[in-house]
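[1] mind looking at a prediction? Sequence and model below.
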Amino acid sequence: MNWFQRSNAFYLLSFFIIIISIGTLLLMLPGVWCGEGSLSFTDAVFTASSAVCVAGLAVVNTSGFSRFGHIVILFLIQTGGLGIISFSSILLTIPGNRLAMIQQTTIQSFYIDGIEYRPRIIVRNIMVFTACIEAGGAILLALLFRVEGVRDWLFMGIFHAVSAFCNTGISLFENGLTSFNREVLLMLIIILLIALGGLGFIVIQELLGLARGRLTHLSYHSRVVLGMSALLVFGGTILFYILERGRSFGAMGTGTAVVNALFQSVNTRSGGFDLISQRALSQPSKLLTCLLMLVGGAPGSIAGGIKITIVFVILVLIFRKPDSHGDINVFHHRLSGESIHRAVVYTLKALALLLLCIGALTVFEGLDGQSMGSLVFEVFSAFATVGLSLGATGSLSEGGKWVIIIAMFAGRVGLVALAFPALRQNKYDISYPEGTLLLE
């Protein structure tokens with residue numbers, strides 16, 4: 001218990017639980033819910049958890065909340081989107097507070113050697129980047145919503161800009177963004193916001209430094225992130241276009257269909273907006289969506305998933321054999337055996353959590369006739385904090401809702417905690433005999 005109380009996992013877990021609890025209480029205040037019926041405690045916890053964990057799934061229509069409720073949800077999205085950085089920022093603003101070395105290491109894990117190492121500067125840069133990107137997106141979206149005749153266009157622009165950049169996918173429109181799936185400019189702005197939120201602050205700062213002439217080249221990390229992102233985005237766009245051209249995109253012109261395919265490709269890796277009905281997708285498209293949801297975005301970003309750098313390492317390990325030291329050379333750089341080991345262990349733990357959530361949900365919902373495919377899709381979406389659904393969310397039982405809440409929490413907090421630097425453990429000079437196992 002002493003180790004847990006000193007660990008980053010304890011602080012992060014406590015922070016998220018406190019924010020979710022505050023959000024739940026605020027959403028249950030009289031007059032906050034203006035929709036049909038009353039808002040149950042479970043639905044309030046689900047809504048707050050979905051916002052804080054930037055998952056975007058909903059058991060009640062978000063448009064049913066009052067303006068105060070929408071502001072609360074916006075606050076939860078922003079706070080949860082920045083995650084551990086929000087928590088660290090609070091610690092840094094306390095007068096006379098000295099951040100423990102383990103917390104400094106956590107903040108520094110959002111950056112890499114040669115970019116920045118001072119926790120206060122890291123937090124400041126992230127806050128400035130976030131404010132600038134969201135402000136720019138809010139202005140553009142507000143102007144487009146005004147042209148479209150949307151009521152409260154200014155607040156709508158702000159809310160959807162924050163929701164897009166924080167990769168939440170929560171919308172205040174009753175039918176999501178389905179009414180705008182032919183508005184190319186609006187879709188492109190949201191695509192850009194989602195993509196920037198999923199790149200990571202390291203990559204954004206390096207790209208700005210390169211544009212200003214302060215850097216001569218990108219780091220290995222940024223090149224891998226940008227390369228993998230391009231591969232997933234354009235590969236997904238091509239596949240979605242081919243698979244859905246005669247189905248979901250059938251009534252659209254070629255240009256509009258391409259942009260919708262691009263939106264689906266970017267959106268599935270953590271965006272979560274409903275631009276087209278996911279139930280209308282073909283089975284191969286649903287499988288592709290699940291795979292992209294699981295991959296997610298870049299480390300140090302707001303996106304969920306197991307992260308594209310982890311997937312990169314796993315792919316390299318599949319096609320290349322480590323040398324005698326456990327290292328692998330790729331793209332003129334050496335991936336250490338320790339990095340490979342961490343990637344494999346992280347992936348296995350993530351898959352174990354995912355399978356556990358799928359098993360739990362099938363116990364609660366599978367006996368009532370819910371299809372296995374929709375339940376698996378639901379858990380993938382919750383665990384990867386995406387927010388897309390095949391329609392099962394609204395019909396979940398009380399037990400099923402709590403399973404999804406846990407899945408969202410595990411995907412947002414559990415995976416981040418797994419990536420934290422481990423505390424130093426005592427080493428003992430004990431050598432055990434080698435255990436032999438048949439593996440093939």
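    Sure, I can see it.
[2] phi, psi for Tyr432 please.
    Dihedral pair for Tyr432: phi -90, psi 150, per degrees, to the nearest 10.
[3] tell me which residues in the strand or helix carrying Ile340 are buried?
    Element membership of Ile340, judged by DSSP states H and E, is helix 337-365. Residues 339-340, 342-343, 346-347, 350, 353-354, 356-358, 360-362, 364-365 are the ones in helix 337-365 that count as buried (16 or more other Cβ atoms under 10 Å). All C-beta spots, glycine's among them, are computed from the backbone N, C-alpha and C.
[4] now do the very next helix or strand once past that helix: everything it contacts.
    Following helix 337-365 in sequence order, the next helix or strand is helix 372-383 (DSSP H and E). The contact list for helix 372-383 (Cβ atoms under 8 Å, 6 or more residues apart in numbering) reads 55, 57, 272, 278, 283, 286, 289-290, 293-294, 304, 353-354, 357-358, 361-362, 365-366, 386-393, 403-404, 407-408, 410-411.
[5] in helices, which of the residues you listed appear?
    Here DSSP state H is the test, and the contacts of helix 372-383 give 283, 286, 289-290, 293-294, 353-354, 357-358, 361-362, 365, 403-404, 407-408 as lying in helices.
[6] so, low pLDDT: which residues of the stretch 1-150 of the chain?
    1-9, 83-122 (pLDDT under 70).
[7] shaky segments in the stretch 151-300 of the chain?
    Using pLDDT under 70, nothing in the stretch 151-300 of the chain is flagged.
[8] can you map out the helices along it?
    Along the stretch 151-300 of the chain, the segments classed as helices by DSSP state H, counting those that start in this stretch run 153-165, 184-199, 201-211, 220-244, 254-266, 283-295.
[9] redo these as TSV? Include distance to Val316 and mean neighbour count.
    Output for these, formatted as TSV (distance: least, Cβ to Cβ, whole Å; neighbours: other Cβ atoms under 10 Å):
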stretch	distance to Val316	mean neighbour count
helix 153-165	30	23
helix 184-199	21	22
helix 201-211	19	19
helix 220-244	10	18
helix 254-266	23	21
helix 283-295	15	20
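[10] how about those in a markdown table, adding distance to Ile17?
    Converted to a markdown table, the helices of the stretch 151-300 of the chain look like this (distance: least, Cβ to Cβ, whole Å):
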| stretch | distance to Ile17 |
| --- | --- |
| helix 153-165 | 22 |
| helix 184-199 | 24 |
| helix 201-211 | 25 |
| helix 220-244 | 31 |
| helix 254-266 | 31 |
| helix 283-295 | 25 |
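[11] which one of these lies nearest to Leu144?
    In terms of Cβ to Cβ, the element of the helices of the stretch 151-300 of the chain nearest to Leu144 is helix 184-199, at 4.9 Å.
[12] and that closest one with helix 220-244, angle?
    140 degrees (axes from the mean of the first three to the mean of the last three Cα atoms, to 10 degrees).
[13] which strands or helices does helix 184-199 pack on?
    Applying 3 or more Cβ pairs under 8 Å, 6 or more residues apart in numbering; DSSP states H and E, one finds that helix 184-199 makes contact with helix 119-147, helix 153-165, helix 220-244, helix 254-266.
[14] tilt between the longest one and helix 153-165?
    Spelled out, that is helix 119-147. Per the same axes, to 10 degrees, the angle that helix 119-147 makes with helix 153-165 is 130 degrees.
[15] now helix 119-147, how far from the chain's geometric center?
    Here the centre of mass of C-alpha atoms in helix 119-147, compared against the chain's by Cα atoms, centre = their mean, to the nearest Å, lies 18 Å away.
[16] got the buried residues for that helix?
    The neighbour-count check on helix 119-147 (16+ other Cβ under 10 Å) flags 119, 122-123, 125-126, 129-130, 133-134, 136-138, 140-142, 144-145 as buried.
[17] what's that helix packed up against?
    helix 67-82, helix 84-93, helix 101-108, helix 153-165, helix 184-199, helix 201-211.
[18] relative to Phe41, which of the ones you listed is closest?
    Taking these one by one with Cβ to Cβ, helix 67-82 is closest: 15.4 Å.
[19] which residues sit against stretch 230-244?
    Contacts of stretch 230-244 (Cβ under 8 Å, 6+ apart): 195, 249-250, 257-258, 261-262, 264-266, 268-269, 281-282, 284-285, 288, 292, 295, 308.
[20] mind running it again at 7 Å?
    257-258, 261-262, 264-266, 269, 281-282, 284-285, 288, 292, 295, 308 (Cβ atoms under 7 Å, 6 or more residues apart in numbering).
[21] now, the most widely separated pair of those residues?
    Ala257 and Ile308 (26.0 Å).
[22] just checking, what packs against the helix holding Ile340?
    The helices and strands touching helix 337-365, judged by 3 or more Cβ pairs under 7 Å, 6 or more residues apart in numbering; DSSP states H and E, are helix 308-319, helix 372-383, helix 398-409, helix 415-419.
[23] looking at the ones you listed, which is buried most?
    Of all the helices and strands packed on helix 337-365, helix 372-383 has the most neighbours on average by mean count of other Cβ atoms under 10 Å, namely a mean of 24.
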